[in-house]
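*Asks:* Sequence first, then the predicted structure:
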Amino acid sequence: MTTVMDRAKAITITPTRAPLIGRVTPPGSKSITNRVLLLAALAKGTSRITGALKSLDTKLMAAALRDMGVGIEEPDETSFTVTSTGTLKAPGKPLYLGNAGTAMRFLTAALALVEGEVIADGDEHMRKRPIGPLVTALRSVGIAISDTNGCPPVTVRGTGRFGAGRIEIDGGLSSQYVSALLMAAACGTGPVEVALTGTEIGARGYVDLTVAAMKAFGARVEKLDEATWRIEPTGYVATDFYVEPDASAATYLWAAEVLTGGRIDLGVAPEDFTQPDAKAQAVIAQFPHLPAVIDGSQMQDAIPTIAVLAAFNETPVRFVGIANLRVKECDRVRALSTELARIRPGLAHEEGDDLIVSSDPALAGQTLPTEIETYSDHRIAMSFALAGLKIAGITILDPDCVGKTYPGYWKALAGLGVELEERT
Ligand SMILES: O=C(O)C1=C[C@@H](OP(=O)(O)O)[C@@H](O)[C@H](O)C1
Ligand SMILES: C=C(OP(=O)(O)O)C(=O)O
């Protein structure tokens, strides 16, 4: 698998004449898969993970753990069997984590548990994604760690132990910093308190997801107040774990359903997801009467989906609380405004960190030949494909970038009867 953008490749979508009706099983959750892979690696014994996502991001996490001596087998398309001594060994080479934010942030904290020096690096996009607050927090509990101008690569000189005491962390830029500290903290020499400094935190639901996964692997975590968690030094116990489907992946299917007036059975009800992006379903269901202002802070990965949907809404939509989108796989605020405006000038613009989508229901049925730049960002590719369900001439460049979290995306659309023309 490669993360290098393949500009020659493209997919042009033919608008659907009929409502999309059918069944699609979304892949397993990326967020949960990468949490439980790490937790299983930190537990002594064998853990069987089922329902897991197999995609670039989880392959990178699994490969890094294998490099550190963890046995990971893949008995089938959706399972990992993880066998570990409960410790991570220093790999003989830098860990390569591509543009997988979860792998980079979660492992950066976990590398304190390795005895020896480890470098964690990523691709050119990851090298622009901030990790400074996490590095500063780790240093505050005596971990020898350095970054590169606030971004990866990071070098950690671990002692095999995490330490104990209070760690303050600013989770404003990324909740993944908080999740990373919480997971490593259960392997501390004593109890650890993780406390938020700022009032803001990127989607809180991801921290809840972390705590739930930690508890499933035997950790004792107590939420002392809205900004503080206390983690006991229990370590982890190997367990079997079923990963629920990916809520962010589900957003494309929920949107495809309302855009085409169809019915897509995902085999799981929106209320049964524990991931923050499941909140998006209630918003998407209001189409074509989406709210005038949508706060994206608690469902960040769903915003590209809703922004493209908003282009077909009856009235304009302002997206607020999305400044963090500027430090994801690409600057998503910029990518969304640029690519929507490429479809039709004026369709979207930025005001500070807000995104305003002008909306034009009359776009549906038009032919507007447009090549959508995807910036190596799976969510830009997947969300703009939705525009192609209604507008003729939408071409998605570098369509394989969906492999970061949803390698079966194009097949899923084709399975629903969407006609895709591939340029290779
Ligand atoms: O913890 C997680 O699994 C994630 C947290 C979010 O990132 P930030 O915490 O960086 O906002 C989200 O965008 C990402 O896709 C997955
Ligand atoms: C932001 C994302 O990923 P990550 O931070 O895990 O790279 C995403 O999947 O939309």
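*Replies:* Everything's here; your move. Please read these numbers as outputs of a predicted model, since none were measured by experiment. Ligands and ions are numbered 1, 2, ... in the order given.

*Asks:* what about stretch 247-263 and ligand 1, touching?
*Replies:* No - against ligand 1, stretch 247-263 shows no contacts by C-beta under 6 Å from any ligand atom, the least distance being 6.8 Å. To be clear about C-beta, it is placed using only N, CA and C from the backbone, and glycine gets the same treatment.

*Asks:* Tell me which residue of this protein lies closest to ligand 2.
*Replies:* residue 101 (2.4 Å; C-beta to the nearest ligand atom).

*Asks:* Can you pull the phi/psi pair for the closest residue to that residue other than its chain neighbours?
*Replies:* Leaving aside its sequence neighbours, residue 101 sits nearest to residue 176 (C-beta to C-beta, 6 or more residues apart in numbering; 5.7 Å). Per-residue torsions, residue 176: phi -60, psi -30 (degrees, to the nearest 10).

*Asks:* sorry, back to before: which pLDDT value goes with the residue of the chain closest to ligand 2?
*Replies:* pLDDT for residue 101: 98.

*Asks:* Thought residue 175 was touching it, still the case?
*Replies:* No - counting by C-beta atoms under 8 Å, residue 101 stays clear of residue 175, with 10.3 Å between them.

*Asks:* Can you give the distance of stretch 89-98 from its chain's centre?
*Replies:* 21 Å (C-alpha atoms, centre = their mean, to the nearest Å).

*Asks:* Can you give me the buried ones in that stretch?
*Replies:* 90-91, 95-98 (16 or more other C-beta atoms under 10 Å).

*Asks:* same question, stretch 412-421
*Replies:* Applying 16+ other C-beta under 10 Å to stretch 412-421 flags 412-413, 416, 418, 420 as buried.

*Asks:* Please convert the buried residues of stretch 89-98 to CSV, extending it with pLDDT and secondary structure.
*Replies:* Shown next, in CSV, are these (pLDDT from 0 to 100; DSSP: H, G, I helix; E, B strand; the rest coil):
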residue, pLDDT, secondary structure
90, 97, coil
91, 97, coil
95, 98, strand
96, 98, strand
97, 98, coil
98, 98, coil
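
*Asks:* Closest to residue 340 out of the residues you listed?
*Replies:* For the buried residues of stretch 89-98, the residue nearest residue 340 by C-beta to C-beta is residue 98; the value is 27.1 Å.

*Asks:* Next up, the contacts around that closest one.
*Replies:* If a contact means C-beta atoms under 8 Å, 6 or more residues apart in numbering, then residue 98 has 3, 56-57, 60, 122-123, 126, 404 as its contacts.

*Asks:* can you do 7 Å?
*Replies:* Applying C-beta atoms under 7 Å, 6 or more residues apart in numbering, we find residue 98 in contact with 3, 56, 60, 122-123, 126.

*Asks:* Looking at those residues, which are in helices?
*Replies:* Among the contacts of residue 98, the members falling in helices (DSSP state H) are 56, 60.

*Asks:* tell me the SS of the closest residue in space to residue 347 that isn't next to it in sequence?
*Replies:* Nearest-residue entry for residue 347: residue 340, 4.4 Å, with adjacent residues in sequence omitted and distances by C-beta to C-beta, 6+ apart. State at residue 340, reduced to three classes by DSSP: H, G, I helix; E, B strand; the rest coil: helix.

*Asks:* Around residue 340, count how many other residues there are.
*Replies:* 25 (other C-beta atoms under 10 Å).

*Asks:* pLDDT wise, what is it at?
*Replies:* At residue 340, pLDDT is 98.

*Asks:* Close to ligand 1: what parts of the stretch 51-200 of the chain are there?
*Replies:* So the stretch 51-200 of the chain meets ligand 1 at 101-102, 174-176, 179 (C-beta under 6 Å from any ligand atom).

*Asks:* Which parts of the stretch 251-400 of the chain are strands?
*Replies:* 263-265, 293-295, 317-320, 348-351, 354-357, 367-372, 392-397 (DSSP state E, counting those that start in this stretch).

*Asks:* Pull the number of nearby residues for the residue of the chain closest to ligand 2.
*Replies:* For residue 101, using other C-beta under 10 Å, the count is 23.

*Asks:* And residue 85, by the same measure?
*Replies:* 13.

*Asks:* where does the protein have low pLDDT?
*Replies:* Along the chain, segments meeting pLDDT under 70 span 1-7.

*Asks:* re the thing from before, in a markdown table, list the buried residues of stretch 89-98 along with distance to residue 82.
*Replies:* Listed next are those as a markdown table, based on distance: C-beta to C-beta, whole Å:
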| residue | distance to residue 82 |
| --- | --- |
| 90 | 19 |
| 91 | 17 |
| 95 | 17 |
| 96 | 20 |
| 97 | 18 |
| 98 | 20 |
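
*Asks:* For those, which two are the farthest from each other?
*Replies:* 90 and 98 (20.7 Å).

*Asks:* now, which of the residues of the stretch 51-200 of the chain next to ligand 1 sits nearest residue 283?
*Replies:* Closest to residue 283, out of all of those and judged by C-beta to C-beta, is residue 175, at 20.0 Å.
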